[in-house]
Structures are given as structure tokens and as C-alpha cells.
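Q: Any chance you can model this:
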Amino acid sequence: MNASVHDSAVLQRAADWQARLKAPDCSATDRDAFERWCAADPVHVDVWLDVAALDEAAAGLGDTPAIAAAARPARRGTAHAQHRRRWRSGISVAAAAVLMLAAGLIGWLDPFAGVATAEYATAIGEQRALTLADGTQVRLDTDTALGVRIDDAERVLEVRRGRVDLTVAADTRPFEVYAGRGRVRDIGTRFQVEHRDLRVTVAVLEGAVGVRLTDGTAGETALAPGQRVGYGDSGPLAQVEPFDPEHAEAWTRGELIFSDRRLDEVLTEINRYTATPLRLADPSLGAMRISGVFRPSDTASLLAALDAGWSLHARHTADGAIELAR
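A: Below is the predicted model of the structure:
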């Protein structure tokens, strides 16, 4: 999106909010007012994401943790002057974009290269709840690996595999999540990031986020509650689509909810939680449609439900799997 085509009043307000959010004295009241401004019109979110992205890029590679750490002493010296800075017009924003492109600043470096991080992980079938140093609540799903770096300038996470549910604490420091070739910018919210099989999905439960690919091929895509977007290891972002928040939250309670899903898809999801895989005696059974609420940790109840509801009988195989047949 080209920031220069936005209404000048909205653009100016977005620039004001960007400066306010980065100010050392930004308060919880300020952040609440900002969230109300974003909620008033989806265009507000789009414009602010453009301004914030250009603000970062115009500062060089300041959003790269390794470089940010080296620049931190100088940044402290200008902290009080920085919060008074304003973008005065769409022309200045567009000019920053031209400079950014000319300098070749669009790109991505490993956000954790040479930087000490905290590492968290879960085994197959395990879930884990964490409270980070800034107060952010994190829940890790089965077979998940997460890197976390929180310092006096920013909060950066990387979902290396698996799925996390994040309720982000209010703070003046930026909060970003990397997964695969994408980056998620938080705007005071609760959201989930899933990174499996070279595919990443970002889903928003509360608030809003901006998602962009780190190769700089496109601008940020804004997501509101009940919206999600995905991307792979190549190609563009997928189209934004709605999702059912109740289904998305179920795994945080140890449940999986399926509504008219193919049986083979259901088994793929359940098998993420167990070391004893479920498989079909006849692959054609995979086309059966399944609906229900299941607890993958309770294999006996799961098998009983499949037997009672869909006449799928289970037997243990010599290689340690459970085979389902009719």
C-alpha cells in the first residue's frame, strides 16, 4: 500500500500515534486510546502499519536485533527528542520509502543471529504455559520450539516450529514474532502463530496485528479479530479469511474441535499429540466427514467416540500404531 495516497489527516494522526507509542512516557491510557482509534476504522490500522514500517526502515535496519543492540547507546541519547518527532505529510513518508528502497534496506536478517535468547520447547503431547519477563502470557502447543529475547528496547520472539497462543502485555517496547519468512507486529492483542510443515498461519483473537513477509515483496497485511492469514516458504501471503475463534482456542484447553472435516485431516491433527499414531486400514476412509470435540490426550475415549459415531474399529499393530477400519 502506498502511504502517500492516504487521507492526509489520517496519515498525520497515524504518524502522531507512531511517535506517541515510541515515546518513553507512553502510558497505558495512551495505548488504550490508540486501540480505540484503530478499532474505529480498519483504514486507521492500514495507515498506521504503513507509517510504522516506513519509520523503521528509514532508521536503517533498526528492527534487526543484532544491529539494534549495537545502536542502543546512541538511541538512549536521543530518546526524549525521538518522541516529539512527527511525519508532517504523505510526501515525507513517500520520500522515506524511496530512500529506503535506494539504500537496499528492505530485506531480512536472522532476528536472533549473535543474540542471547531464552529457549522454550514442548515434547509430543505436552503443552506448557509461560509468563514472559514483560508479563506476556504464552501457551505452547505440542511439539513446539520458541525463542524469546526481551531487552530494554524491544521484545522479539521466533516460533521455530509448532503453535503458540500469545496474550501480549501492554508495554512501550515493540513486540514482534518471526515465523518462517514472515514477521508479525503486535498492536496490543491476543493472537496465535502456527508454524508446521513449512507453512505459517497467524490468527487474531483480540486486538489487531500486522503481518508481512520479511523479503520485502509486499507491505503489511492488517488482521482484525476473527481473521487469519497464511504463507509458505515461497510465494505471497494468502488471502485473509475468517475463522472460528472457539475452534482456535480449543487446543489451549486440551481439546480439538472439528466441524465437517475429512477423517484423514482429523487424524493428522490428532497425531501431533501422540507417540502412538492413528492410521487408516483403507486410505479411502479418509474422505469420511467428522464433527466433534475430542481430547487427544485421552486415546481410549477418542477411539470409543470414533467407534460409536462412525463405526471405526481400532486394532493395535505390530509396529506400535493404532489402525482404524470399518
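Q: looking at this, A15 is in a strand?
A: No - the assignment for A15, made by DSSP: H, G, I helix; E, B strand; the rest coil, is helix rather than a strand.
Q: For it, give me the pLDDT.
A: Listed pLDDT for A15 reads 79.
Q: got it, and P42?
A: 77.
Q: Now do the contacts for it.
A: Contact analysis of P42 by CB atoms under 8 Å, 6 or more residues apart in numbering lists 222, 224. For the C-beta atoms, the positions are set from N, CA and C on the backbone; glycine is no exception.
Q: For it, grab phi and psi.
A: phi -60, psi -30 (degrees, to the nearest 10).
Q: For whichever strand or helix holds H195, which helices and strands make contact with it?
A: Using DSSP states H and E, H195 maps to strand 190-196. Applying 3 or more CB pairs under 8 Å, 6 or more residues apart in numbering; DSSP states H and E, we find strand 190-196 packed against strand 155-167, strand 175-179, strand 199-206.
Q: The second one: partners in the sheet, and parallel or antiparallel?
A: So that's strand 175-179. Strand 175-179 pairs in its sheet with strand 155-167 (parallel), strand 182-186 (antiparallel), by DSSP bridges.
Q: With R253 as the reference, name the closest of these.
A: When the strands paired with strand 175-179 are ranked by proximity to R253, the top entry is strand 155-167, at 10.6 Å, counting by CB to CB.
Q: Next, the angle from that closest one to strand 199-206.
A: 60 degrees (axes from the mean of the first three to the mean of the last three CA atoms, to 10 degrees).
Q: List of residues touching the strand holding H195?
A: 141, 159-168, 177, 179-180, 184, 200-207, 209, 223, 248, 272.
Q: Quick check: mean pLDDT of that strand?
A: On average, strand 190-196 scores 97.
Q: What pairs with it, parallel or antiparallel?
A: Here strand 190-196 is paired, per DSSP bridges, with strand 155-167 (antiparallel), strand 199-206 (antiparallel).
Q: Could you list the low-pLDDT ranges of the stretch 1-150 of the chain?
A: 1-8, 24, 55-116 (pLDDT under 70).
Q: hey, where'd the helices end up in it?
A: With DSSP state H, counting those that start in this stretch as the criterion, the stretch 1-150 of the chain has helices at 8-22, 28-40, 42-58, 65-77, 79-82, 90-102.
Q: Check the stretch 201-326 of the chain too.
A: Remark: helices assigned in the stretch 201-326 of the chain by DSSP H, counting those that start in this stretch are 245-250, 263-271, 299-310.
Q: Understood, closing this out.
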